[in-house]
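# Mind looking at a prediction? Sequence and model below.
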Amino acid sequence: MNTKYLLPAMAAAAIALPSMAAAQDEAALHTSYIFTTLLFLIGGFLVFWMAAGFAMLEAGLVRSKNVAMQLTKNIALFSIAAIMYWLVGFGIMYPADWLIEGWLGPFFAITSLEPVGLADTETALDYASVGSDFFFQLMFCATTASIVSGTLAERIKLWPFLIFVVVLTGLIYPIEASWQWGGGWLSEAGFSDFAGSTLVHAAGGFAALAGAIILGPRLGKYKDGRVNPIPGSNLALATLGTFILWLGWFGFNGASQLAMGTIGDVADISRIFANTNMAAAAGAVAALILTQVMYGKVDLTMVLNGALAGLVSITAEPLAPSLFGSLLTGAVGGLIVVFTVPLLDKLKIDDVVGAIPVHLFAGIWGTLAVAFYTGNWGAQILGIAAIGIFVFVVSLIVWLALKGTVGIRVGEEEEINGLDVAELGMEAYPEFSKG
Amino acid sequence: MNTKYLLPAMAAAAIALPSMAAAQDEAALHTSYIFTTLLFLIGGFLVFWMAAGFAMLEAGLVRSKNVAMQLTKNIALFSIAAIMYWLVGFGIMYPADWLIEGWLGPFFAITSLEPVGLADTETALDYASVGSDFFFQLMFCATTASIVSGTLAERIKLWPFLIFVVVLTGLIYPIEASWQWGGGWLSEAGFSDFAGSTLVHAAGGFAALAGAIILGPRLGKYKDGRVNPIPGSNLALATLGTFILWLGWFGFNGASQLAMGTIGDVADISRIFANTNMAAAAGAVAALILTQVMYGKVDLTMVLNGALAGLVSITAEPLAPSLFGSLLTGAVGGLIVVFTVPLLDKLKIDDVVGAIPVHLFAGIWGTLAVAFYTGNWGAQILGIAAIGIFVFVVSLIVWLALKGTVGIRVGEEEEINGLDVAELGMEAYPEFSKG
Amino acid sequence: MNTKYLLPAMAAAAIALPSMAAAQDEAALHTSYIFTTLLFLIGGFLVFWMAAGFAMLEAGLVRSKNVAMQLTKNIALFSIAAIMYWLVGFGIMYPADWLIEGWLGPFFAITSLEPVGLADTETALDYASVGSDFFFQLMFCATTASIVSGTLAERIKLWPFLIFVVVLTGLIYPIEASWQWGGGWLSEAGFSDFAGSTLVHAAGGFAALAGAIILGPRLGKYKDGRVNPIPGSNLALATLGTFILWLGWFGFNGASQLAMGTIGDVADISRIFANTNMAAAAGAVAALILTQVMYGKVDLTMVLNGALAGLVSITAEPLAPSLFGSLLTGAVGGLIVVFTVPLLDKLKIDDVVGAIPVHLFAGIWGTLAVAFYTGNWGAQILGIAAIGIFVFVVSLIVWLALKGTVGIRVGEEEEINGLDVAELGMEAYPEFSKG
């Protein structure tokens, strides 16, 4: 072998090699970055779609005289959430510097017009685009607000409700979410809530519960010691809304893996998809069977809420359970709905769409159930209690302040005639005469 | 050149190189694995969305007194399919060991609580996550059941229908699908059915046909030798359902490529998307023109079913045809619907939503048309016949067994008053008075 | 060190290295190709979904007697667009050879049955699959036609409308779009329209405006110097349609980045998603506040159209603005809608769904606003004027030709009874009596 001609090539190889290895590593990082960003974008548009799901579910479960109002509230609350979360929420939730370490982020980020780091240079994250992260996280904030609107339907005034949404999406949700997802004190305490059974769903449920207590039940709902059922006007819309939410939940839970750049991550996302689907199915079947057994007839709205409760239940830990574990988790969620809807009525808390059983009660169940996998019951209870107390108390104060100033409830006559005519001057179905 | 200092570097290079090359190959495999898994996840959620499409289509095409029932059946059947396919279906369809080689998988997989390999170690597939594959395949099983519910609407009892769904999604579909997609005898025989014109759609259609024969037509549908049209209550919902199904079909056909890790695969998926869209468009336009020519007026429900028939037709081979070939395939599907809907009425087979023309007849057409590309007419006919006979006969037996035991049809009075009140005690549109 | 054994390995390494480096580059290109193709596919199915959004929006905003007709027109126009864009449109829009350099592509591409290059060999693009590009671009063509159908609702005959769609999707849209996106004279002139505020939305609006002028207003809309509001029959559907369009717009704007293979591209797509969402939210909130201030009551249809106008406004430049810039752009879009809907009524131009304010006026605003970033006001004005004049004049000629031959308007009695019965012989909601 004559080394004379080979040596220069070999030397070049020896020099090129380290840079090639570096290029290889960098290429892998780039690919991973794109995958994870894509995950946030797909997850984000799926969770966006849940806003339509809430709108359809709630529009289907109120009486036709209040449908236009319910639609207005839903598109308005999403839009307000999008603006408030940009203006203050995102900065509070993922604080660069805490105002109070681990407890309160810098809400004076409001003074900057571009507080969320979506500047030309994308420097804040190294595993995915900041823009995609903002887009994805924003949808969770909006979801929290969507939960509230259903409970308070058919008697709340438009603008006071929207003012509450401003506070909820700008302050309440971002603050409590920062405790866990922003690296605050709850995450230090060992609390675990994968995609937000408590941080999103129970939080929304607590805000709704505070509102329902202050607002009072609809006229005629509880009369002479009896509970009068007030059927929804369009169960096709309600079913459509449930399917939309179910679809969106794949993004809600799946993209909460927050990474798709490795085989392990994408396999985890797959498990999450399968588990999420199983929990929803189990919640629906549990409600199907239980309403048949208890009432002798299947109740469609219970089946819909059963599926949703299954989804909420699995949200705190959609990765660790087996499919059978997911089935059990979701089925318990479905049972909770069937058993607690009448319970709320006994307490004369009027929750028009069943959002408190679905999001609050099943959310608590799902969050507790995480301890079957982590063993840390204390941390789970601590998290639920801390978030519950904070959201409930602050919400209560805001609702009371609104009630004491602008008022939150429409007049009796307006409630009887329907909020559509009273507050909007238009009807959702002007040509269909009422039976 | 002094080799003294270069030699160690060169030696290191020579040693590092094979591992670098291996790392390069491995990185490519990892990327491919993520892409294909992502394909299953996206395809899976799109096909999930078809469940909502069927629900809306069917809710729109039944009378308002049966809408809540139709919605209940649709969300229940999907949920049951999700559980049954996990419990037994997936194990039967992709057998590790056959009970009867090529014909029957191990349904005693039921004894294991985690039969589908979704364990912590992901070992069963090397090109994509098992969880994603399970999630995707499950949606096809559920689709088969969705097809049945439309045909039998407005007179079948809830629970007997759901028992049939248990058998269909747990046994009938997985067994016949294993023959082809599980590597069974039909795949050995050269049968070709890319995404399931026969395995899913015609199979669902055969099950529906058996049910329609045993169940009999709705009261008043065929009277004094005349066919009385019974218009659907909400064509907006029916149209929405069709658009949902059309959207979901991109996942149904596109992700059936089962690979997205190479340029060739993603280009194939693109062709499938374009061809699928063209076939649907052609089916709609064919029905549009034909109903205008035949009846002097365009029939919207025929146009909707024409689009769906175009989609079913292209499902057996969405990759090989040119766009023009896809146009022809889909257009024939549209024509089949327009011509065979009246044919079924002549036979007094009452198919409420036209699922048999759309899924069975167009499914057979699409499966036969594959032979234009493969040349193997015998294998296509064999596959259709085998699956048809198996699904039809077993379904017939199950329907007869149900009829002979619990009964499958509601009473006359209940049918006249509507299944919503009779079976559920609730109405889908309680406030809208009937014209 | 004994070089004797190492030298052959080193030599092999030196030889292997260049091919390894090439393989590394090629792998990166492959990955990039798959990502960009996937972007087109996801973007394409999201924009497809907008066809359902338009159908629901328009079905909700017409009276119930015209709903089936509106649904028919929407599914038919999409299907026709799919066929015409394949048959001639795509070849005109992306000309291999121009008939008139920069101005007119080869519409004799019609003579070939496979004009779009979707042959077995994928040679026409090197960064993404041609099939995916065709699929994505087709959806934009269909969107242009969707815009027209809403304006002309409730009085136009079905077939003349569909003939117009044939011309619009086969010729008008592809020709004007080729000027910019096909590399024609407008792109040379420095015009900038990222995703089509003018090329798609204003173009559709100009075609609709021409039609509305020729067609005249609905009976009773303008009477005795007064404007009579004609409320839509189903605001739940209209809201659903708006949410669907909002969702689809992420694909519309995001995938118009036309590349997802690098960190820079996917970060840009993320910014586009966030900006698009912000503009929609701001448009909705602007209309919410403005209708409250101006009329004392919030107007839901204005809020819906405000969101859509926000989306149209940001479409010409969804990447350059900050979130605050996007908020301003979208909010102005929302204001435009609220101010120009009454303006059109003063001119007795009857635009049933408000498509001209939303797509034409907000589209012009969005296209002009690009100059805040490019500084080139002249080019923006030139582009709007050129496309506006071309689309408006050609559309006017086609509408006049249709009016002078087959007629475009139904008879008075048919309009009063509704187009559903008159043109289709079926009703969308046959069981719901009219109030």
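Arrived safely, thanks for sending. Numbers count the residues shown, from 1 in each chain, chains lettered A, B, ... in the order given.

# my guess is A:Ala81 meets A:Ala145, correct?
Yes - using CB atoms under 8 Å, A:Ala81 makes contact with A:Ala145 at a distance of 5.2 Å. Quick note: C-beta positions are derived from backbone N, CA and C, even for glycine.

# Can you pull the residues that touch both of those two?
Taking CB atoms under 8 Å, 6 or more residues apart in numbering or on different chains as the criterion, A:Ala81 and A:Ala145 both touch A:165, A:169.

# Comparing the two, which shows the higher neighbour count?
A:Ala145 (31 against 28; other CB atoms under 10 Å in any protein chain shown).

# In stretch A:287-295, which residues are buried?
Neighbour counts over stretch A:287-295 (16 or more other CB atoms under 10 Å in any protein chain shown) mark A:287-291 as buried.

# which ones among those residues come in contact with chain B?
A:Leu288 (CB under 8 Å from any CB of the partner chain).

# Poorly predicted segments of the stretch 251-400 of chain A, please.
Across the stretch 251-400 of chain A, nothing is flagged by pLDDT under 70.

# Quick check, the residue in it closest to chain B?
A:Ser270 (3.2 Å; CB to the nearest CB).

# Specify the local secondary structure of the residue nearest to that residue when sequence neighbours are not counted.
Distances taken as CB to CB, 6 or more residues apart in numbering or on different chains put B:Gly131 closest to A:Ser270, at 3.2 Å, once the chain neighbours are dropped. Here B:Gly131 is recorded as helix under DSSP: H, G, I helix; E, B strand; the rest coil.

# Need the per-residue pLDDT for B:Gly131.
Listed pLDDT for B:Gly131 reads 92.

# could the buried residues of stretch A:287-295 go into a markdown table alongside secondary structure?
Output for those, formatted as a markdown table (three-state DSSP):
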| residue | secondary structure |
| --- | --- |
| A:Ala287 | helix |
| A:Leu288 | helix |
| A:Ile289 | helix |
| A:Leu290 | helix |
| A:Thr291 | helix |
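
# nearest to chain C, of the buried residues of stretch A:287-295?
A:Ala287 (24.4 Å).

# Could you verify my assumption that that closest one touches A:Thr301?
No - contact criterion CB under 8 Å: A:Ala287 and A:Thr301 do not qualify, at 9.3 Å.

# element containing A:Asp271, please.
Let me fix one detail, which is that residue A:271 is Arg and not Asp. helix A:263-295 (DSSP states H and E).

# Okay, buried residues for that helix please.
Applying 16+ other CB under 10 Å to helix A:263-295 flags A:263, A:265-291 as buried.

# can you list the weak-confidence ranges in the stretch 1-150 of chain A?
Looking at the stretch 1-150 of chain A by pLDDT under 70, you get A:1-15, A:108-124.

# 50 - rerun?
A:1, A:110-123 (pLDDT under 50).

# Quick one: the strands in it, in order.
Using DSSP state E, counting those that start in this stretch, the stretch 1-150 of chain A contains no strands.

# Nearest the middle, which residue of chain A would you pick?
Centroid-nearest residue in chain A, with CA atoms, centre = their mean: A:Thr143, separated by 4.0 Å.

# In contact with that one, which residues?
A:47, A:50-51, A:54, A:200, A:204, A:252.

# Before I go, just wanted to say thanks for your time.
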